[in-house]
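[1] 3D model of this:
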Amino acid sequence: MISTKGRYALRVMLDLAENDNGTYIPLKDIAARQDISKKYLEIIVKDLVHGGLLLAASGKGGGYRLAREAEDYTVGEIIELTEGPLAPVACLADDAAACPRSENCLTLPLWKEYYQLVHDFFYNKKLSDLLTDRSPVYYI
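    Just a heads-up that it's a prediction; the model follows:
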């Protein structure tokens, strides 16, 4: 399940893409437009900046902006940065140790198929797609 942190991160990224005018956008403006607590957004944008998805500037004229063009972001990378791996079971995580039961695990094919579907779904959606499609994901 995607938590509010992941959903709000996606909303922040969309807000910045939609309101991009070449300058940094204050977090208070994003918080007001999205009706999300500024304090909570501070935690989220810190992760987005640390992960290289956003650029930040402090002081007068400071705020946040996208580090790349909206079409260069996938929904999957935004969600994984804020939520962690999309893998549904620990044995499919990137850093998982080899599972001694994998050869005989009857459920592993099910989890692999599910993981591939989820991964492909989110990584085949660009941030810019949500802006043009006006997908309901924006309003979560």
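
[2] those helices in the protein, which residues are they?
    4-18, 27-34, 38-50, 75-83, 108-123, 127-133 (DSSP state H).

[3] Of all the residues in the lowest-mean-pLDDT helix or strand in the chain, which ones are buried?
    Ranked by mean pLDDT, DSSP states H and E, the helix or strand of the chain with the weakest confidence is helix 127-133, at a mean of 90. Burial within helix 127-133, assessed by neighbour count using 16 or more other CB atoms under 10 Å, is assigned to Leu127, Leu130. (Glycine included, C-beta is placed from N, CA and C.)

[4] Can I get that helix in CSV, CA atoms only?
    Extracted in CSV, the C-alpha atoms of helix 127-133 (Å, rounded to 0.1, in the frame of the first residue of the first chain):
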residue,chain,number,x,y,z
LEU,A,127,5.2,12.6,-14.3
SER,A,128,4.2,14.5,-17.5
ASP,A,129,1.7,11.8,-18.3
LEU,A,130,-0.3,12.7,-15.2
LEU,A,131,-0.3,16.3,-16.1
THR,A,132,-1.7,15.7,-19.6
ASP,A,133,-4.0,12.9,-18.7
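
[5] just checking, what packs against it?
    Counting by 3 or more CB pairs under 8 Å, 6 or more residues apart in numbering; DSSP states H and E, the packing neighbours recorded for helix 127-133 are helix 4-18, helix 75-83.
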